[in-house]
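Peer 1: Fold the stuff below for me.
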Amino acid sequence: MNEEDQEFWGEVCQELIKKSQKAISPLIGSEDGGEIVKMGADGTPTTYIDAVAEKKVVEVLEDVERPLTLISEEIGEIVVGDGPSEAILVVDPLDGTSNAVKNIPVYGISVAVAPVPPDQKSPLTIQDIQMGMVKNYATNELYTAYKGKGASVNGKKIEPSSKQNLEQISMGAYVYRMNMGKIETLCKSVRRMRILGAVAIELAYVANGTYDAFVDVKDNLRMVDVAAAKLILEESGGIITDRYGNTLKGKLKVLEKTSLIATCNDRIHGEIINILEGI
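Peer 2: Below you'll find the model as predicted:
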């Protein structure tokens with residue numbers, strides 16, 4: 001992505017983040033916001049606040065001067081504008097929906113951009129993401145990364161923690177409807193656990209050292225949810241793979257799923273892999 005494209009798509013992302021945040025603000029902490037209104041393209045229920053957030057994202061993108069493809073978990077995949085898409089935007093319009101409805105201050109938006117080469121024939125993958133933004137609306141922290149240029153929060157460069165001992169780390173996890181016995185050993189091996197229910201924001205927390213690691217060992221995590229945060233973590237210097245230690249290479253599709261181990265460094269990553277081996 002050249003400087004001109006980086007500036008253009010960066011402004012687009014900033015605009016849709018700003019307007020989507022404004023659109024949902026009256027619904028934060030409201031029962032109306034949590035009302036189920038339909039089933040999303042990803043097969044999960046869509047709440048009213050989700051629908052409002054995504055509608056505003058689409059409205060902003062419809063005014064963009066360049067053709068693009070939007071991938072979002074509620075609407076699925078749509079082409080906006082005329083002609084071949086110049087970029088794919090992967091958007092989770094509301095990361096941490098349940099938190100937003102309950103006014104728990106960990107909710108926001110995730111936006112990733114993958115430029116589409118003119119001669120591209122095969123589907124793009126998460127490896128093609130070159131720009132990522134994750135914003136925690138409750139704290140106004142905007143995490144940003146450009147491929148090869150590092151990561152920042154509100155313009156300040158970030159990096160993961162330097163912890164080397166598993167017993168000293170703070171780890172986030174997604175364990176909804178999961179048999180806790182499967183990861184009991186891992187939970188007992190770390191200093192403290194956090195379960196916040198906003199995966200993009202929690203991965204950004206690994207990038208800036210708030211967390212030392214984050215895991216989701218079920219193969220059911222949507223690529224849409226991690227597309228931006230993956231780049232942010234990698235550009236900060238962190239490590240992110242699936243539960244088996246493989247590089248994430250999933251296609252940019254709404255139904256594409258993965259497991260996840262994200263850590264501050266190779267040492268912590270290796271220790272977690274060793275504990276989870278055989279699960």
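Peer 1: Could you use CA atoms for every contact and neighbour count after this?
Peer 2: Will do.
Peer 1: how's this protein carved up into domains?
Peer 2: Domain assignment for the chain by automatic domain parsing gives 3-157, 166-276.
Peer 1: Worst mean pLDDT among these?
Peer 2: Mean pLDDT values for these show the minimum at domain 166-276, a mean of 92.
Peer 1: How far does it sit from its chain's centre?
Peer 2: Domain 166-276 sits 11 Å away from the centroid of its parent chain (CA atoms, centre = their mean, to the nearest Å).
Peer 1: Show the contacting residues for Ser72.
Peer 2: Applying CA atoms under 8 Å, 6 or more residues apart in numbering, we find Ser72 in contact with 54, 90-93, 224, 254.
Peer 1: Quick check: which element contains Val79?
Peer 2: Here Val79, judged by DSSP states H and E, is contained in strand 76-80.
Peer 1: Partner strands of that strand, with direction?
Peer 2: Take DSSP bridges as the rule and strand 76-80 pairs in its sheet with strand 68-72 (antiparallel).
Peer 1: mind listing what's buried in the strand holding Val79?
Peer 2: Residues of strand 76-80 classed as buried by neighbour count (16 or more other CA atoms under 10 Å): 77, 80.
Peer 1: Quick check: phi and psi on the closest residue to Ala198 other than its chain neighbours?
Peer 2: Take Ala198 and drop its neighbours on the chain: the residue closest to it by CA to CA, 6 or more residues apart in numbering is Gly96, 4.3 Å away. Here is the backbone geometry of Gly96 (degrees, to the nearest 10): phi 90, psi 50.
Peer 1: any idea how far Gly96 is from Gly250?
Peer 2: 22 Å (CA to CA, to the nearest Å).
Peer 1: Mind giving me the packing neighbours of the lengthiest helix in the chain?
Peer 2: In the chain, with assignment by DSSP state H, the single longest helix is helix 3-24. Contacts defined by 3 or more CA pairs under 8 Å, 6 or more residues apart in numbering; DSSP states H and E place helix 3-24 against helix 48-62, strand 108-115, strand 131-136.
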